[in-house]
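Engineer: Pasting a predicted model and its sequence here:
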Amino acid sequence: MTLNRRLVVSMEDIKSVVLECLHCGVRMTFSPDAITAPCNCPNPTCNKFWAASHYPNAVGFGMRNTPAQIRLLEAIQAVRARDKEQKIERPNDPIGFRILMEFEEPSV
Ligand SMILES: [Zn+2]
């Protein structure tokens with residue numbers, strides 16, 4: 001018999017969000033509650049374009065034209081804030097579930 005172990009995590013379990021440059025591989029780590037993609041890579045020898053300056057305010061700008069990566073960063077923050085609010089009983093809440101993600105347990 002094979003035993004497959006999986007990890008199930010909620011948005012609350014996210015400890016940090018890491019953005020990695022596609023060009024040089026430098027990484028920036030953010031609190032999952034305060035993610036702002038910089039316009040350019042923070043590595044001064046790379047400095048390649050990362051995201052347009054209006055994307056940090058993507059929700060107000062118009063999500064349809066916003067790249068999925070930026071929408072995901074916004075969603076992580078919004079869902080985490082909502083999950084914190086949902087700890088208070090809300091009988092008329094339009095969302096009656098929370099999102100969990102399942103991962104293969106890393107091999108040692
Ligand atoms: Zn870079």
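Structural biologist: Perfect, I can see it now.

Engineer: Can you list the low-confidence ranges for this protein?
Structural biologist: Where the chain drops to pLDDT under 70, the residues are 54-64, 86-91.

Engineer: which stretches of it form helices?
Structural biologist: 58-61, 68-85 (DSSP state H).

Engineer: With respect to the ion, which of the ones you listed lies nearest?
Structural biologist: Closest to the ion of those, according to C-beta to the ion: helix 68-85, at 15.4 Å. All C-beta atoms are positioned from the backbone trio N, CA, C, and that covers glycine.

Engineer: So which bits of that closest one are buried?
Structural biologist: Buried positions in helix 68-85, judged by neighbour count with 16 or more other C-beta atoms under 10 Å: 70-71, 73-74, 76-77, 79-80.

Engineer: same check, this time on stretch 33-49
Structural biologist: 35, 37, 41.

Engineer: which one among the residues you listed gets closest to the ion?
Structural biologist: Nearest to the ion out of those is residue 41 (C-beta to the ion; 3.1 Å).

Engineer: isn't the closest one right next to residue 25, touching?
Structural biologist: No - taking contacts as C-beta atoms under 8 Å, residue 41 lies outside contact range of residue 25: 9.8 Å.
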